[in-house]
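Chemist: Please find the sequence and the predicted model below.
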Amino acid sequence: MTYITSLSIEQADPTTAATLDAVKAQIGMIPNLFATLAKSPTALNSLLGLNQTIGAGSLSASEREIIALATSQANSCQYCVSAHSLLGKNAGLNPQQLIAARTAQPGTDRAAAIASFTKALVEQRGHVAIETLDQLKASGLTEADLLEIIANVVATTFTNYTNNVARTTIDFPVVGLELDA
């Protein structure tokens, strides 16, 4: 059951309504997450601004989706796992890559390094072992990449916590949180 209800464009003040209209124009819909955040224009605009900034960074769209999936799985956010499974597919990730991002198994390639670092960052609340950081550099990730991953984790954690508290109704194809061991 939804705890924080979403706000329709008709219920929103003119500025927030214009923001929601811009979201709809950009992605073709107003996801329930954004309609929920619209209850607080500060929260909505904070997320949109952060997403715009990190979207212009050096990480690719598929890498950002790997981070979102690993973060969402670690934070048990079914709304975001569902949303980012679709967005990840649209960014070029195949079904195996979507699962690999969510399981965040360590590996030597860049995608595995990003996913495993993301999982460690969330689960260890930023207290990541030096060995993990060294593995990132060995995978070709730079210090700038590491900071950008952190920024992406922050944005996704914001949405995870919002959806987990609000119990946002999933308006994407539903993906379960369970993973085969």
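Modeler: Yep, that arrived. Residues are numbered from 1 along each chain as shown.
Chemist: If you count residues, where's the longest helix of the protein?
Modeler: Across the chain, the longest stretch assigned as helix under DSSP state H is helix 143-166.
Chemist: Tell me the buried residues in that one?
Modeler: Under the neighbour-count criterion of 16 or more other Cβ atoms under 10 Å, helix 143-166 has 145-146, 148-149, 151-153, 155-160, 162-164, 166 buried. Quick note: C-beta positions are derived from backbone N, CA and C, even for glycine.
Chemist: Quick one: list the elements packing against the worst-scoring helix or strand of the chain on mean pLDDT.
Modeler: Every helix and strand of the chain was ranked by mean pLDDT, DSSP states H and E. The lowest is helix 130-138, at a mean of 89. Contacts defined by 3 or more Cβ pairs under 8 Å, 6 or more residues apart in numbering; DSSP states H and E place helix 130-138 against helix 110-123, helix 143-166.
Chemist: quick check: angle from it to helix 110-123?
Modeler: Using axes from the mean of the first three to the mean of the last three Cα atoms, to 10 degrees, the inter-axis angle of helix 130-138 relative to helix 110-123 is 150 degrees.
Chemist: just so I have it, where are all the helices in this structure?
Modeler: Under DSSP H, the chain gives helices at 14-27, 32-37, 41-55, 61-74, 78-90, 95-103, 110-123, 130-138, 143-166.
Chemist: what's the most buried one of those?
Modeler: Counting by mean count of other Cβ atoms under 10 Å, helix 61-74 has the highest mean neighbour count of these, with a mean of 26.
Chemist: quick check, distance from that one to the centre of its chain.
Modeler: Relative to its chain's centre, helix 61-74 lies at 6 Å (Cα atoms, centre = their mean, to the nearest Å).
Chemist: Alright, I will stop here.
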